[in-house]
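Quick check, what structure comes out for this input:
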Amino acid sequence: MKTLLRPTTPTGHFVRHYLEMVVAMIVGMVALGPLWSLAGDALGWTPVLHATEPAVLIMATNMSVAMCAWMRFRGHGWRATLEMAASMYLPFLVLFPPLWAGLISADTVMVGGHVLMLPAMAAAMLLRRAEYTGHCPARS
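A predicted model of the protein is given here:
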């Protein structure tokens with residue numbers, strides 16, 4: 001197992017890339033979140049931005065911006081980059097109908113979306129396994 005996860009192995013590349021993207025997501029939330037708060041306050045939109053749907057979509061945007069920037073810096077093509085961005089939004093979007101039906105709470109959307117995001121990212125990576133396990137990403 002220890003050998004399998006070395007950075008020079010395909011599995012090691014995959015895991016390293018996954019972890020780099022998680023770090024980029026966190027950086028995006030921390031760096032861009034306050035900007036939305038400032039803009040919301042300045043424009044008087046704070047109550048709207050704090051509603052569940054806008055709040056989680058803004059958070060997905062913050063994560064996507066940083067993650068996409070990192071992926072492009074690392075040489076990934078637009079197709080893979082946009083697929084990864086979609087993996088930030090899709091988990092929240094699938095939780096909106098149960099929220100609107102009163103079946104789940106806003107907190108469940110927030111937590112559930114973040115939890116579902118992790119396997120969604122892995123699934124997007126598995127679709128382009130060669131790109132995420134090698135040294136040179138495919139440019140698509």
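
So for this structure, the centremost residue is which one?
Met88 (3.7 Å; Cα atoms, centre = their mean).

distance of it from Ala120?
8 Å (Cβ to Cβ, to the nearest Å). For glycine as for every other residue, the C-beta is placed from the backbone atoms N, C-alpha and C.

repeat for Gly28
Distance from Gly28 to Ala120, by Cβ to Cβ: 16 Å.

Comparing the two, which residue is more hemmed in?
Gly28 (23 against 20; other Cβ atoms under 10 Å).

and the more buried one, what pLDDT?
What the model reports for Gly28 is a pLDDT of 95.

mind checking which helix or strand it is in?
Assessed by DSSP states H and E, Gly28 sits inside helix 10-43.

Can you name every helix or strand that the helix or strand following that helix contacts?
Counting by DSSP H and E, the next helix or strand C-terminal to helix 10-43 is helix 46-49. Packing contacts for helix 46-49, counted by 3 or more Cβ pairs under 8 Å, 6 or more residues apart in numbering; DSSP states H and E, involve helix 10-43, helix 52-73.

Tell me what angle the longest one forms with helix 52-73.
Note on geometry: by axes from the mean of the first three to the mean of the last three Cα atoms, to 10 degrees, helix 10-43 and helix 52-73 are set 130 degrees apart in direction.

The residue nearest to the centre of the chain reaches Leu57, doesn't it?
No - if you go by Cβ atoms under 8 Å, Met88 and Leu57 don't touch, sitting 9.5 Å apart.

Report the buried residues of stretch 33-40.
Trp36, Gly40 (16 or more other Cβ atoms under 10 Å).

now that stretch: how far from the chain's centre is it?
19 Å (Cα atoms, centre = their mean, to the nearest Å).

Let's test this: mean pLDDT of it, rounded?
For stretch 33-40, the per-residue pLDDT values average out at 88.

do the same with stretch 131-140
62.

do the same with stretch 80-97
96.

got the buried residues for that stretch?
Those would be 80-85, 87-92, 95-96, for stretch 80-97 by 16+ other Cβ under 10 Å.

okay, those in TSV with distance to Pro34 next?
Output for the buried residues of stretch 80-97, formatted as TSV (distance: Cβ to Cβ, whole Å):
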residue	distance to Pro34
Ala80	29
Thr81	25
Leu82	26
Glu83	28
Met84	24
Ala85	21
Ser87	24
Met88	19
Tyr89	21
Leu90	26
Pro91	24
Phe92	21
Leu95	25
Phe96	25
